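Q: One predicted model, sequence on top.
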Amino acid sequence: MARRRKAFGSRWLQQSVNAMTRTAVRAGQQAMKQALRNAKTAQKATPKKAARTPSATPKAARAKVRAKLAPPALAPLTLFPLKSAAAKRPPSRRASVRRAPSTRRAAEQPGWISGIAIGPAGARRFHVHRPPGLRRGERLPLLVMLHGCGQDAAALAACSRMDRLADRERFIVLYPEQDRLANAHGCWNWFDTRSGRAQREAATIDAAIEQVCLTQPVDRARIAIAGLSAGAGMAALLATRRPERFRAVAMHSGIAPGVAHSSATALSAMRGRRSSTLALPSAGSAIAWPPLLVIQGSADRVVAAANGAEAMRLWADRAHARNSPPRVVQRGTRRAATLTDCRVGTRLVARLCVVEGLGHAWSGGSPGLAYSDPSGPDAARMIWRFAASRFARDEAG
């Protein structure tokens, strides 16, 4: 009995489906015939001399009918509407800050020459800016510029505008560049002296300097080094390891050597909670360090302002120098700066420049760029004048 009911049910279901299919087919045929009749009627109503439009042909009419009878197409399912989401995203507050040009286009910049230096830390790219109109036999000073975290060579060149100054004052600029495989944020590992990584990177930068001295018209007696943030820490470290190489060193918002020895101690040092433990030799037993210029913002929340004074103290203790009374200078509407010199007799050992209200940015840099504050005194001019005065003093003997 159950088998009969099941067979009857399946037979009834099949008959119903067949009936529905036949009904749908008949309805489609009738609609097609009616559309063809309407098309023929419209064709007869048109004048014979008039040109037949594509929409009046039977073939076009059949296509139009098929389009009407076809089921509506489903909209594609988009799981991640990236384009629409980006278009509807509200503008960021930092939209006014432009990103500096990448070093991928460094070769396209006028006066730039790119190369690779090999050292204990591996291979590092570098870029060289030469002023135009080099004369035969001419030897020019060299300024080494080390970028900070989140930057590259082109970013530092853009915010500091050092290339423009180099064209006017006629000196060569070298921009070594950190490898992202060595540090994901592009920072020089100035702090990692315990493992020796900082020393290896310093030696690799020194290899790039030597390579540029061999291939470019550099006056070896006039070489200076400067850096921003992590680049400042590396510049100071390199100056203490190779003091005979440099005639001046400039730190912009950086930390002195010996204050940190690992990534953990570096964070504490950036907050100004550590002092340098660098061993100082006895007086007269070692080569004097090159004169130091420290530029530090009083409102720097990344590198505490106390680090500028600590760097100056380290240089003063090594040379047994004394601080002169501070003086306040201000040019126009730019931020005021407090200058403190440290001397041995008449010889300048270190100079500390604390810019009032300056954060963690290049003072007097290009407007609209990251890590750049155009309202401060021009750090590029300050660095070059400091280095040029050291060059002139050494030449005078």
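A: Perfect, I can see it now.
Q: E177: what's it in contact with?
A: Contacts for E177 (Cβ atoms under 8 Å, 6 or more residues apart in numbering) come out as T103, R124, R125, F126, H127, H147, D152, A153. Yep, even glycine has a C-beta here, placed from its N, CA and C like the rest.
Q: Which of the helices or strands spans the residue nearest to V354 when sequence neighbours are not counted?
A: Counting by Cβ to Cβ, 6 or more residues apart in numbering, V354 lies nearest to T338, which is 4.7 Å off, once chain neighbours are set aside. Counting by DSSP states H and E, the secondary-structure element that holds T338 is strand 337-344.
Q: Which strands or helices does that strand pack on?
A: Contacts defined by 3 or more Cβ pairs under 8 Å, 6 or more residues apart in numbering; DSSP states H and E place strand 337-344 against helix 306-319, strand 322-323, strand 327-329, strand 347-355.
Q: sorry, back to before: ok now do the residue nearest to V354, which residues does it touch?
A: P326, R327, V328, C353, V354, E356.
Q: Which one of those residues sits in the busiest neighbourhood?
A: Greatest neighbour count in these, by other Cβ atoms under 10 Å, goes to C353: 24 neighbours.
Q: quick one: that one and G297 touch, right?
A: No: the pair C353 / G297 is not scored as a contact, 9.9 Å apart, by Cβ atoms under 8 Å.
Q: ok so A388 is a helix residue?
A: Yes: assessed by DSSP: H, G, I helix; E, B strand; the rest coil, A388 belongs to a helix.
Q: The stretch 51-200 of the chain: strands as residue ranges?
A: 112-119, 122-129, 140-146, 172-176 (DSSP state E, counting those that start in this stretch).
Q: I'd like to know the average pLDDT value across the third one.
A: Within the predicted structure, the mean pLDDT of strand 140-146 is 98.
Q: now do the second one
A: The pLDDT scores in strand 122-129 average 97.
Q: give me every residue that touches S160.
A: For S160, the contacting residues are M145, L228, W362, G365, S366, A379, A380, by Cβ under 8 Å, 6+ apart.
Q: Identify the farthest-apart pair in those.
A: M145 and S366 (14.5 Å; Cβ to Cβ).
Q: Looking at these two, which is more packed in?
A: More neighbours surround M145 than the other of M145 and S366, with 27 against 17 (other Cβ under 10 Å).
Q: Roughly how far does L228 sit from R170?
A: Applying Cβ to Cβ, to the nearest Å, the value for L228 to R170 is 23 Å.
Q: Who has more neighbours out of those two?
A: Legend: neighbour count by other Cβ under 10 Å for L228 and R170, higher for L228 (32 against 15).
Q: Confirm for me that the more buried one is in contact with W362.
A: Yes: assessed by Cβ under 8 Å, L228 is found in contact with W362 at 5.9 Å.
Q: Between those two, which contacts overlap?
A: Residues touching both L228 and W362 (Cβ under 8 Å, 6+ apart): L156, S160, H252, Y371.
Q: What about these, which are in helices?
A: Secondary structure from DSSP state H places L156, S160 of the shared contacts of L228 and W362 in helices.
Q: Most neighbours among the shared contacts of L228 and W362, which one?
A: H252 (31 neighbours).
Q: Next one: that residue, what pLDDT does it get?
A: 98.
Q: Report the contact partners of it.
A: A226, G227, L228, S229, A232, I295, Q296, W362, S363, A379, I383.
Q: One more pass at 6 Å, please.
A: The contact partners of H252, by Cβ atoms under 6 Å, 6 or more residues apart in numbering, come to L228, A232, I295, A379.
Q: Find the residue closest to the second one in space, skipping its chain neighbours.
A: What it means is A232. Distance criterion Cβ to Cβ, 6+ apart; nearest residue to A232, sequence neighbours excluded, is G254 at 2.3 Å.
Q: May I ask you to confirm that the one you found is in contact with A230?
A: No: judged on Cβ atoms under 6 Å, G254 makes no contact with A230 at a distance of 7.3 Å.
Q: ok, the two, which is more surrounded?
A: Taking neighbours as other Cβ under 10 Å, G254 and A230 compare with G254 leading, 32 against 28.
Q: Could you give the number of residues near A299?
A: Counted with other Cβ under 10 Å, the neighbours of A299 add up to 14.
Q: Which of the strands of the stretch 51-200 of the chain has the highest mean neighbour count?
A: strand 172-176 (a mean of 27; mean count of other Cβ atoms under 10 Å).
Q: Listing partners with orientation, what would you give for it?
A: Using DSSP bridges, the strands paired with strand 172-176 are strand 122-129 (antiparallel), strand 140-146 (parallel).
Q: angle of it against strand 112-119?
A: Orientation of strand 172-176 against strand 112-119 (axes from the mean of the first three to the mean of the last three Cα atoms, to 10 degrees) gives an angle of 50 degrees.
Q: For strand 172-176, what is the distance to the chain centroid?
A: 17 Å (Cα atoms, centre = their mean, to the nearest Å).
Q: What are the contacting residues of that strand?
A: When contacts are defined by Cβ under 6 Å, 6+ apart, strand 172-176 is touched by residues 124, 126-130, 140, 142-145, 153, 162, 166, 205, 208, 212.
Q: and if you look at stretch 202-212?
A: Contacts of stretch 202-212 (Cβ under 6 Å, 6+ apart): 117, 119-121, 124, 126, 128, 174, 176, 237-238, 241-242.
Q: Relative to S268, which of the residues you listed is nearest.
A: Minimum distance to S268 across those is 17.8 Å, recorded for L237 (Cβ to Cβ).
Q: Under a three-state scheme, what state does the closest one occupy?
A: helix.
Q: For it, which residues are in contact?
A: W190, A202, P257.
Q: can you check R170 too?
A: When contacts are counted by Cβ under 6 Å, 6+ apart, R170 touches P131, L140.
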